[in-house]
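Give me a 3D structure for the following:
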Amino acid sequence: MAIQWFPGHMNSTRRAILDRAKDIDVVIELLDARLPGSSLNPLLAELTRGKPALKVLNKQDLADPERTALWLSHYNALPATQALGLDASITAPSQRLIAACRALAPLRGGMTKPLRVLICGIPNVGKSTLINTLVGRKATKTGDEPGITKLEQKIVLASDVYLFDTPGMLWPRITVPQSGYHLAASGGIGRNAYNEEEVALDLLNCVNRNYPGRIAERFRLPDMSALTDEEQLTEIAKKRGAIQSGGRVNLQKAAEILMGEFRTGGLGLVTLEVPAEMAQWQAEAEVAEAARREKKKKKVGASE
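Numbering: from 1, shown residues only. Take a look at the predicted model:
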């Protein structure tokens, strides 16, 4: 199943970013450290026209530190790009962010040429929470559902550093199927856009492949390595009391429980992807997309 979610207000966000980018010196893109490739918006580079970029891997306290290091190396190797990790334990993140932005735009600074920074990210990546931490007060609304921030905001980080916040935005078409599942598992996509059971089964498969035994450990179940993902989800339902009338297991409820554990760190330090995997998925998606366009072209030609 292909997962897509692009509410109407995201079109307005896209236009706002395109307009604001004309006067921006550095773009901060907040990524989810548990899915640093899937949470990267491919549309953003186009909208910001090659502006220096700071990739911030947020929620690194929930991610696998070895995999976080791989992603930081990957992004730091890109031109005009820096990358760093952040988490809730860092009490003064503004100094790190300001220093990194100044390094990316050394000719900006001072009252006559203030440093202008745009912060972007997918929905529910923790951007509003980070901004509230940066300014030391509740500057933006926060929540566990995507799409909370709806308007651009200007925030003064320092006397000569202005931060422009924008609503969370995805891109019109998610061509990498695995990214759709990872975004859904993290809460970056609205619940009406995906099937919880399908996403949970994909999450089970990923965690079992990369962190064997983690699921059984978390749910206090015996070794489940011989069970299919569907059977494991059934065992989770039984263990957590997700039972319907007549003794039938409620797999949707079990799926919600599993995703909730992932989102809150209950499954331990988990990162769903590494750079090499993401590159492979993107290459496969490009081939599939080219085939889709060719099929559509032939269909249009046949109807004329």
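
measure stretch 122-132 end to end?
By CA to CA, to the nearest Å, the extent of stretch 122-132 from end to end equals 17 Å.

where does the stretch 101-250 of the chain dip in pLDDT?
For the stretch 101-250 of the chain, the stretches with pLDDT under 70 are 137-152.

all strands of it, in order?
Remark: strands assigned in the stretch 101-250 of the chain by DSSP state E, counting those that start in this stretch are 115-121, 153-158, 161-165.

Can you say which of those is packed in most?
Comparing the strands of the stretch 101-250 of the chain by mean neighbour count (mean count of other CB atoms under 10 Å), strand 115-121 comes out on top with a mean of 24. Where C-beta positions appear, they are placed from N, C-alpha and C, glycine not excepted.

Now do that one: everything it contacts.
17, 20-21, 23-31, 39, 41, 44, 48, 51, 58, 98, 101-102, 105, 108-109, 127, 131, 157, 160-166, 168-169 (CB atoms under 8 Å, 6 or more residues apart in numbering).

what about Leu18, how many neighbours?
14 (other CB atoms under 10 Å).

So the nearest residue to it once chain neighbours are set aside versus Lys59, what's the distance?
Closest residue to Leu18 apart from its sequence neighbours, by CB to CB, 6 or more residues apart in numbering: Leu47 at 5.0 Å. Separation of Leu47 from Lys59 (CB to CB, to the nearest Å): 24 Å.

So if I had to pick from these two, which one is more boxed in?
Between Leu47 and Lys59, counting by other CB under 10 Å, Lys59 is the more crowded of the two (25 against 22).

I'd say that one and Lys127 touch.
No - shown here, Lys59 and Lys127 do not form a contact pair, counting by CB atoms under 8 Å, at 11.2 Å.

Please report phi then psi for Thr81.
Dihedral angles of Thr81 (phi, psi; degrees, to the nearest 10) stand at phi -140, psi 140.

That one and Leu134, how far apart?
The value you get for Thr81 to Leu134, if CB to CB is used, is 21 Å.

repeat for Leu233
Distance, Leu233 to Leu134, using CB to CB: 39 Å.

which residues does the closest residue to Thr81 other than its chain neighbours contact?
Excluding the flanking residues, the one nearest Thr81 by CB to CB, 6+ apart is Ala53, at 4.8 Å. Ala53 makes contact with Val26, Val27, Ile28, Glu29, Ala45, Leu78, Ala80, Thr81, Gln82, Leu104 under the criterion CB under 8 Å, 6+ apart.

Based on its surroundings, how many neighbours for Leu285?
Not Leu; residue 285 is Ala. 16.

Which of the helices or strands spans it?
Element membership of Ala285, judged by DSSP states H and E, is helix 275-303.

How about that helix, which residues are buried there?
Pro275, Met278, Trp281, Gln282, Ala285 (16 or more other CB atoms under 10 Å).

Closest one to Gly187 out of those, please.
Using CB to CB, Met278 comes nearest to Gly187 of the buried residues of helix 275-303, at 19.6 Å.

thought that closest one was touching Gly37?
Yes - Met278 lies in contact with Gly37 (CB under 8 Å); the separation is 3.4 Å.

Can I get the buried part of the contacts of strand 115-121 as one ChimeraX selection?
Buried subset of the contacts of strand 115-121, written as a ChimeraX selection, criterion 16+ other CB under 10 Å:
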select :17,20,21,24,25,26,27,28,29,30,31,39,41,44,48,51,58,98,101,102,105,108,109,127,131,157,160,161,162,163,164,165,166,168,169
